[in-house]
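generate a structure from the sequence data that follows.
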Amino acid sequence: MVKKPSQQALNRAAVTVEQAEALAQRLADKP
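Reported below is the predicted structural model:
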């Protein structure tokens, strides 16, 4: 069996990216 990155770790990274993008969007919306 080939070892793959755990799905949990991938999901966690995706959530972090989403949160960072949401934060950037909120900051961009402010004057």
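
where does K4 sit: helix, strand or coil?
Taken by DSSP: H, G, I helix; E, B strand; the rest coil, the conformation at K4 corresponds to coil.

residues near it, how many?
Residues within reach of K4, counting by other Cβ atoms under 10 Å, total 8. Any C-beta I mention is one placed from the backbone N, CA and C, and that applies to glycine too.

list the contacts of the residue nearest to the spatial centre of the chain.
Centroid-nearest residue in the chain, with Cα atoms, centre = their mean: V17, separated by 2.2 Å. By Cβ atoms under 8 Å, 6 or more residues apart in numbering, the contact list for V17 is empty.

how far away is it from L10?
Here V17 is placed at a distance of 11 Å from L10 (Cβ to Cβ, to the nearest Å).

next one: L23 from K30, what distance?
Here the criterion is Cβ to Cβ. By it, L23 lies 11 Å from K30.

typed the wrong thing, it's K3
Distance, K3 to K30, by Cβ to Cβ: 44 Å.

and L23 and K30? which has more neighbours close in?
L23 (10 against 5).

now the more buried one, what's its secondary structure?
Under three-state DSSP, L23 comes out as helix.

shaky segments in this structure?
Applying pLDDT under 70 to the chain picks out residues 1.
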